Every structure is written in C-alpha cells, then in structure tokens.
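Q: just the structure for this:
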Amino acid sequence: MQTITHQKTQAWFEACHTHDVPHNGGVCVKYNDQQIALFHFARRGEWYATQNECPHRKQMALSRGMIGTSGDEPKVACPFHKKTFSLITGECISGDECTIKTYEVKVEQGLVYIAVDGHHENY
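A: Modelled structure (predicted):
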C-alpha cells in the first residue's frame, strides 16, 4: 500500500520589477486565480504583500489603499471603508475581528518576489 502525504511548501514567484510599484503605494499582482496587493513602503525601505480583497465588503481594493503606521506598525487602510490592517500580521487594527492574509516578500536585483503556498506530494 502506498501512502501519500501532502506537505505545504513555499514557492517564490517573480511578481514584477521594483520600478513597477510606486514609492509609498501599492499595485495588484495576479498569481493564478489570486489577487495579491504588493506595497513598497519606501520611507521605511520595506516591501509587503497581502490579499487584495478587503474582507469587510469583499471588494478587491487593498492595493489602492493608503499605507502608513500605527505606532511603529506598518498598516494599509481600505480606500472605501477605511478599515486598517497590519501589513505584518494581517490583523485588523481598527477594532474589527476580520483579518487579511499576508505574504513574504523579497527583492533581488531589481525584481520583487512573493512567497505563496504550494503543495508537495510525498509517496
């Protein structure tokens, strides 16, 4: 009898060039059927990625949100509903219990990469 186990792995995909993302702003990147919001927090020298869908009203809008900080926590505010989310944890900072998915981001030689979940099968 053969046993198949599924392990989650991370796969990095090339999202775009660094110059494709406005300083202190965001863009929407499509990966398969997912929309991912990618942010360049230039004044902090940091990059973040989250789901693009705002969980409040299910609109694909977070990539057009305003980024800033709450204390030292980097955040994004939905452009429609002003719900704010941590760019690190995805938790809603404005008091609601909804959260958003976050992704790891790395920049190498002018290219931006985002880590997404994948599956690896073991036999």
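Q: do you have the strands of the chain handy? List them.
A: 5-17, 25-31, 34-41, 46-51, 53-54, 59-60, 66-70, 73-77, 84-86, 102-103, 105-108, 111-122 (DSSP state E).
Q: run the chain-centre distance for the fifth one.
A: Centroid displacement of strand 53-54 relative to its chain, using C-alpha atoms, centre = their mean, to the nearest Å, is 11 Å.
Q: winner for burial among the strands of the chain?
A: Among those, strand 84-86 has the highest mean neighbour count (mean count of other C-beta atoms under 10 Å), at a mean of 23. Any C-beta I mention is one placed from the backbone N, CA and C, and that applies to glycine too.
Q: from the chain's centroid, how far away is that one?
A: Averaging C-alpha positions (C-alpha atoms, centre = their mean) puts strand 84-86 11 Å from its chain's average.
Q: before we move on, back to that, for C92, find the nearest of the strands of the chain.
A: Among these, strand 84-86 comes nearest to C92, with 5.6 Å by C-beta to C-beta.
Q: so which elements touch that closest one?
A: Here strand 84-86 touches strand 73-77, going by 3 or more C-beta pairs under 8 Å, 6 or more residues apart in numbering; DSSP states H and E.
Q: first to last residue in stretch 100-115, what's the distance?
A: One end of stretch 100-115 sits 15 Å from the other (C-alpha to C-alpha, to the nearest Å).
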